[in-house]
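Asker: The following block contains a protein sequence and its predicted model.
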Amino acid sequence: MSDTTELARKDEATSETASETAVTRRDDERAQSRVTLTPPVDVSEDSQGITLWADLPGVTKERLSVKVHDGNLYIEAEAMVPTPAGLRLQHAEIREPRFARAFSLGADFDTSKIDANLKDGVLKLTIPRHDEARPRRIEVRTN
Amino acid sequence: MSDLFSSAGLAGDIERLQRQVASLFDGFPTSIRAAGSGTFPRINIGSTDESIEIVAFAPGVDPAKLDVSIDKRLLTISGEREFPQREAAGDDMRTYAQERFAGRFRRAIELPQHADPDKASARYADGCLVVSVAKRESSKPRAITVQ
């Protein structure tokens, strides 16, 4: 299975050039604590709750984990790009195929009803508010 | 002075300069059209003995709006990614973060001399566009028999 990850893996062969040493060293320091990419997100809210979109290219449902723990939302994923055997990486703008990002959720969200949908490498999360936390218009009666 | 390892004169100097410039990049020749690696989509390039594989990380793009073309040796990937909020734009929608790229994009990659533009294929899956361009027969590695 190692062939499939080659296009997104760190390229040791080209890290020797002088211009890259600074970048490479920083990468190595971070490598101690499992280097991950921070996926860009869009976040919007309406009266129903929050909707979040996250870019996770090359991620399939099997390699995506969305967890809620202690009021925090954790998104973790790993990209897999199928490539032919014997591939040598020559130019890489994405070097680490792992994504991770966390958010804290307020108490007004119903974390048991989070809906997650993954399509074409974009995760769409809808996080509804508790019914009692939704804004309500209060009817004013006149006698 | 000319010897077995370095050519003399202006031609040699230019050649040396070109080598130094090339070594600043990742090993693959970077053309002036391929500037701006922070843009969308991010691209990885690799090669096997048979082909050159280009992966564009372009999640959430409608394949119908994705255009891949090769003009001589210049591979161009262009298209458009729409704002997701527009599909459900209610009056009370508030946006807190807008980090994802939206709008039209274009990336160009200069293919090496030994690429065969007539034998290219592209597929889009899980938000990744993989373009595979075959190498010419003459550039494939072959063993030379020692007599």
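Answerer: Perfect, I can see it now. Numbering: from 1, shown residues only, chains lettered A, B, ... in the order given.
Asker: ok, residue A:37 touching residue A:93?
Answerer: No. Applying Cβ atoms under 8 Å, one finds residue A:37 not in contact with residue A:93, separated by 11.0 Å. C-beta coordinates here come from the backbone N, C-alpha and C atoms, glycine included.
Asker: give me every residue that touches residue B:44.
Answerer: If a contact means Cβ atoms under 8 Å, 6 or more residues apart in numbering or on different chains, then residue B:44 has A:7-8, A:81, A:89, A:91-94, B:54-55, B:57 as its contacts.
Asker: Quickly list what it is bridged to.
Answerer: Assessed by DSSP bridges, residue B:44 has beta-bridge partners residue A:92, residue B:55.
Asker: what's the spacing between it and residue B:113?
Answerer: When Cβ to Cβ, to the nearest Å is applied, the distance between residue B:44 and residue B:113 equals 21 Å.
Asker: Need phi/psi at whatever residue of chain A ends up closest to chain B.
Answerer: Closest contact between chain A and chain B, by Cβ to the nearest Cβ, is at residue A:121 (1.8 Å). Backbone torsions for residue A:121, taken as degrees, to the nearest 10, come to phi 80, psi 10.
Asker: and if you look at residue A:97?
Answerer: Here is the backbone geometry of residue A:97 (degrees, to the nearest 10): phi -80, psi 10.
Asker: Ok, residue A:133 next?
Answerer: Backbone geometry at residue A:133, expressed as degrees, to the nearest 10, gives phi -90, psi -10.
Asker: export the contacts of residue B:44 to JSON lines and tack on pLDDT, neighbour count and distance to residue B:134?
Answerer: Converted to JSON lines, the contacts of residue B:44 look like this (pLDDT from 0 to 100; neighbours: other Cβ atoms under 10 Å in any protein chain shown; distance: Cβ to Cβ, whole Å):
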{"residue": "A:7", "pLDDT": "57", "neighbour count": "28", "distance to residue B:134": "17"}
{"residue": "A:8", "pLDDT": "56", "neighbour count": "26", "distance to residue B:134": "22"}
{"residue": "A:81", "pLDDT": "87", "neighbour count": "23", "distance to residue B:134": "19"}
{"residue": "A:89", "pLDDT": "88", "neighbour count": "24", "distance to residue B:134": "19"}
{"residue": "A:91", "pLDDT": "86", "neighbour count": "21", "distance to residue B:134": "19"}
{"residue": "A:92", "pLDDT": "86", "neighbour count": "22", "distance to residue B:134": "22"}
{"residue": "A:93", "pLDDT": "86", "neighbour count": "17", "distance to residue B:134": "23"}
{"residue": "A:94", "pLDDT": "86", "neighbour count": "21", "distance to residue B:134": "24"}
{"residue": "B:54", "pLDDT": "94", "neighbour count": "26", "distance to residue B:134": "13"}
{"residue": "B:55", "pLDDT": "94", "neighbour count": "27", "distance to residue B:134": "16"}
{"residue": "B:57", "pLDDT": "94", "neighbour count": "23", "distance to residue B:134": "23"}
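Asker: In chain A, what residue spans correspond to strands?
Answerer: Along chain A, the segments classed as strands by DSSP state E run A:41-45, A:49-55, A:59-69, A:72-79, A:88-92, A:98-104, A:115-119, A:122-128.
Asker: Can you flag the weakest of these by average pLDDT?
Answerer: Averaged per stretch, pLDDT over the strands of chain A is lowest on strand A:88-92, reaching a mean of 87.
Asker: Distance-wise, check residue B:43 relative to residue A:89.
Answerer: Distance of residue B:43 to residue A:89, computed by Cβ to Cβ: 12 Å.
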